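1. I'd like to go over a predicted model; first the sequence, then the structure.
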Amino acid sequence: MRGRAVACLLFAGLRGVAAQVPDEIRLEAGAAEVRQVGTRSRDAMLLGAVWRRSRDRLATTASGSMTLARDSISTAQGLLALRYQFQRRPRWHLESGLAGAMFRPDRLAGGGNAATFLRMQHEYTARGLWFGGATSVTNRSGVPMRSSTVDIGGWGEFRRTTATLAGVWTRSYDSDLLAASSLRSRRPVGIYEVRDATLTVQQSLAMLDLAAIVTLRAGEGVTTKVNDRALMLAGSVYLTPVVALTISGGRQLADPLRSLPDARFLSASIRVLLLRRDPAVRQIERYGAIAMTRTDPSGGAVLTIRVLAASNARVEAYGSFSDWEPVPMHWVLDAWELQVKVPPGPQRVAVRVNGSQWRAPANLTKVTDEFGGEAGLVVVP
Amino acid sequence: MILRRFLLITLVPCAATSVAQGQASRLDAITDVGLRRAVEREVVSARSLGLPVSLLIAKANEGIAKRATSKRITEAVAALGKRLEVARDQLAPSPSEDEISAGADALYVGVPARMLKKMRTDWPDRSLALPLGVLTELVAKGLPADRAARTVADLMARGASNVQLVALAQSVQGDVAAGWAPEAALDLRARGVMSLLPPAPAASAFTNPRRP
């Protein structure tokens, strides 16, 4: 009953977000070969869709996916996630969401799974930390089994490489999954625990994205201590700016939270970006602003800063021109703008939206200062 | 005569007091007493050395605006004071405040002090504030300081204007953003500017620079 209520809530949420104007819609379709522990390989078809929307301090992501096999391991999953940025503490984000799944795994009875998570994240320039937890209920043949996790981790961007390290502690009553996975135990069993350390490394090249995920697991089943490890690899080649071919493979350890069994897989899929806002606009949004100078006949130049942000946002600029006092920008036609007269010589400029982190305008040379901030350098002739 | 002497005695200290009061009022805006005293110490020290103290106060304000800790602000102000001193010495004999400021910026991004001295030796009469700014921008983009300084010096020797130097830096920035390697972008853009300039005189370029 509780699972149905969560499924209804998730469905209503997904319908709600579908009525909003999105920033991005992505579809994915492909084929996979999946082999669960102790079974033969099976072919499966993959279908997925992702919807994203970002407004001011709230970002919403909704996704759905289906794995279809002829005889087994068919699942349908949905996710609705929200990410909220605090106005007074802009480096902190609250992430929360609901996930639901219906499945018919091979060695287990069919059923459903509903999960919810809550996470606090702290971002600082190109690094971040998070901590949070999640809980889920898996129902197979009318028997609800609870699982819960606590996770903590950090990430950092180093040029084009992103590394993420996460630690996850899981407690679960899902003994069916335990029996069907590499956690080797005898039924009937009670609660069991697993501890995972996961390192994800992602590398973005011009037309190629690569990712490697390594998981080390230690856990106690009811009768057996388990030490295990798994590696997943993925690569995406952009055939055009909106079409990418993704190949991934490896081993996925049993996931009690989502009730996913231990499996080895190899998949190939085509991802199509159906909708995305103009790349140049997105670049401006990502980096905050652009800045231009125009020579002033009376000497020096006029520095014009433009920021693309929501019309109800609070947009400010500061720099050496204002003695680092934040100056409010003005809404002009379709963007935030500030024009200031600056003397000849080097000037440093930065902008921020809604009190968030100061950013260098995209088209200027970025320099870091002694205080850990960044600004754009412009030399006025 | 007595009146002129009286006016000199009265007005000169008034003007100095007015400037000092302006700077003092900005210092007073620093509410952290410990930080204000530390900055005041640096300002007094810099003033005794003849350095532009407004830059130190601006740096302290920058740190406050960026919510840096008092310790970090004090260290940043002290480090800037040292850079200003080095820049002034390297750009001697009579650098302008803008030149000292630009020199300190250049030192911050990693331009060696000897390059400032060489530029002053090569261009004793030309204001180096803007060329140093362009050099700073190029080095901040990731270009080796030697390579960037040579290109700027070559262009100045060929008579490149300040506007052309700035345009070079902006073009390189655009190319780097488009995925070019910084050095390749600098080579290409420097050749483009060179093609617009008259040939370099055999030996006089560095010895007879013209003020723009």
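-> Arrived safely. Because the structure is a prediction, the values reported are computed rather than measured.

2. Only C-alpha atoms from now on, for both contacts and neighbour counts.
-> OK.

3. Quick check: pLDDT value at residue B:94.
-> Reading off the confidence values, residue B:94 has pLDDT 86.

4. near chain A, which residues of chain B?
-> Taking CA under 8 Å from any CA of the partner chain as the contact definition, chain B meets chain A at B:58, B:61-63, B:65-66, B:68, B:72-73, B:76, B:98, B:102, B:129-130, B:133-134, B:137, B:140-141, B:162-163, B:166, B:173-174, B:177.

5. low-confidence ranges in chain B?
-> Along chain B, the parts satisfying pLDDT under 70 run over B:1-29, B:199-212.

6. quick one, helices of it?
-> Along chain B, the segments classed as helices by DSSP state H run B:2-28, B:33-48, B:53-65, B:70-90, B:97-109, B:113-122, B:129-140, B:145-157, B:162-177, B:182-194.

7. how far out from the middle of the chain is the third one?
-> Between the centre of helix B:53-65 and the centre of its host chain there is 15 Å, according to CA atoms, centre = their mean, to the nearest Å.

8. Mind putting the helices of chain B into a markdown table with mean neighbour count?
-> Listed next are the helices of chain B as a markdown table, based on neighbours: other CA atoms under 10 Å in any protein chain shown:
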| stretch | mean neighbour count |
| --- | --- |
| helix B:2-28 | 12 |
| helix B:33-48 | 17 |
| helix B:53-65 | 21 |
| helix B:70-90 | 20 |
| helix B:97-109 | 23 |
| helix B:113-122 | 18 |
| helix B:129-140 | 27 |
| helix B:145-157 | 20 |
| helix B:162-177 | 20 |
| helix B:182-194 | 18 |
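
9. And those: which comes nearest residue A:298?
-> Nearest to residue A:298, of all those, is helix B:162-177, at 15.4 Å by CA to CA.

10. and the closest one, what does it pack onto?
-> Judged by 3 or more CA pairs under 8 Å, 6 or more residues apart in numbering or on different chains; DSSP states H and E, helix B:162-177 is in contact with helix B:129-140, helix B:182-194.

11. tell me what the last one is packed against?
-> Spelled out, that is helix B:182-194. The elements that helix B:182-194 packs onto, with contact taken as 3+ CA pairs under 8 Å, 6+ apart, are helix B:145-157, helix B:162-177.

12. quick one: contacts of that helix?
-> Taking CA atoms under 8 Å, 6 or more residues apart in numbering or on different chains as the criterion, the residues outside helix B:182-194 that touch it are B:141-143, B:151, B:155, B:158, B:160, B:164, B:168, B:171-172, B:175-176.

13. again, only this time at 6 Å
-> Residues outside helix B:182-194 that contact it (CA atoms under 6 Å, 6 or more residues apart in numbering or on different chains): B:172, B:175, B:176.

14. need the contact list for the first one.
-> Residues counted as contacts of residue B:172 (CA under 6 Å, 6+ apart) are B:185, B:186.

15. Recalculate using a threshold of 8 Å.
-> Residue B:172 makes contacts with B:182, B:185, B:186, B:189, as judged by CA under 8 Å, 6+ apart.

16. Equivalent analysis for the last one, please.
-> For residue B:176, the set of contacting residues under the criterion of CA under 8 Å, 6+ apart consists of B:182, B:185.

17. Would you mind measuring from it to residue B:138?
-> 11 Å (CA to CA, to the nearest Å).

18. Against residue A:124, how distant is residue A:349?
-> The value you get for residue A:349 to residue A:124, if CA to CA is used, is 19 Å.

19. if you go through the stretch 151-300 of chain A in chain order, where are the strands?
-> Counting by DSSP state E, counting those that start in this stretch, the stretch 151-300 of chain A has these strands, from start to end: A:161-172, A:192-204, A:208-220, A:225-240, A:243-252, A:263-276, A:290-295.

20. Whether whatever helix or strand comes next after the shortest one contacts chain B - can you check?
-> Right, strand A:290-295. Of the helices and strands lying after strand A:290-295 in sequence (DSSP states H and E), the nearest is strand A:301-307. No - with CA under 8 Å from any CA as the criterion, chain B is not reached by strand A:301-307; the gap is at least 11.5 Å.

21. Name every strand pairing with the helix or strand that comes right after strand A:301-307 and say which way it goes.
-> Counting by DSSP H and E, the element after strand A:301-307 in chain order, helix or strand, is strand A:315-319. Strand A:315-319 has these partner strands in its sheet, going by DSSP bridges: strand A:327-328 (antiparallel), strand A:345-353 (antiparallel).

22. chain center to the last one: distance?
-> Its chain's C-alpha centre and that of strand A:345-353 lie 30 Å apart, by CA atoms, centre = their mean.

23. model confidence over it, on average?
-> Per-residue pLDDT over strand A:345-353 has a mean of 87.

24. Now tell me what touches it from outside.
-> Outside strand A:345-353, the residues that touch it by CA under 8 Å, 6+ apart are A:288-289, A:307, A:309, A:313-321, A:358-361, A:374-381, B:98, B:102, B:129-130, B:133-134.

25. do that again at 7 Å, thanks
-> For strand A:345-353, contacts defined as CA atoms under 7 Å, 6 or more residues apart in numbering or on different chains pick out A:288, A:313-321, A:358-361, A:375-381, B:129-130, B:133.

26. who's more crowded, residue A:349 and residue A:124?
-> Ranked by neighbour count (other CA atoms under 10 Å in any protein chain shown), residue A:349 and residue A:124 place residue A:349 first, with 26 against 14.

27. out of everything not next to it in sequence, what's closest to that one?
-> Spatially, and ignoring its direct neighbours in sequence, residue A:349 is nearest to residue A:319 (4.4 Å; CA to CA, 6 or more residues apart in numbering or on different chains).

28. give the contact list for the one you found.
-> When the contact criterion is CA under 7 Å, 6+ apart, the partners of residue A:319 are A:348, A:349, A:350.

29. mind redoing it with 8 Å?
-> With CA under 8 Å, 6+ apart as the criterion, the residues that contact residue A:319 are A:325, A:326, A:347, A:348, A:349, A:350, A:375.

30. Distance check, it against residue A:371.
-> Residue A:319 sits 14 Å away from residue A:371, taking CA to CA as the criterion.

31. Please apply the same query to residue B:168.
-> Summarising the geometry, the distance separating residue B:168 from residue A:371, computed by CA to CA, is 29 Å.

32. helices and strands of chain A: which one bottoms out on pLDDT?
-> Of all the helices and strands that make up chain A, the one with the lowest confidence by mean pLDDT, DSSP states H and E is helix A:279-287; it has a mean of 46.

33. Quick check: residues of chain A near chain B?
-> Applying the criterion CA under 8 Å from any CA, the portion of chain A that neighbours chain B consists of A:320, A:323-326, A:344-346, A:363-367, A:370-371, A:373, A:377-381.

34. From the residues you listed, list the buried ones, please.
-> The neighbour-count criterion (16 or more other CA atoms under 10 Å in any protein chain shown) marks A:320, A:323-326, A:344-346, A:363-367, A:370-371, A:373, A:377-381 among those as buried.

35. In helices only, show me the residues you listed.
-> Filtering these for membership in helices, criterion DSSP H, returns an empty set.

36. Go through those residues and flag which are in strands.
-> Judged by DSSP state E, the subset of these located in strands is A:345, A:346, A:365, A:366, A:367, A:377, A:378, A:379, A:380.

37. how about the nearest residue to the second one, chain neighbours excluded?
-> If I follow you right, that is residue A:346. Closest residue to residue A:346 in three dimensions, ignoring its sequence neighbours and counting by CA to CA, 6+ apart: residue A:379, at 4.2 Å.

38. and of the strands paired with strand A:315-319, who's closest to residue B:81?
-> By CA to CA (comparing all of the strands paired with strand A:315-319), the closest turns out to be strand A:345-353, at 18.2 Å.

39. so how many other residues sit close to the residue nearest to residue A:123 when sequence neighbours are not counted?
-> Nearest residue to residue A:123 in three dimensions, chain neighbours excluded: residue A:91, at 5.1 Å (CA to CA, 6+ apart). A count of nearby residues for residue A:91, using other CA under 10 Å, gives 17.
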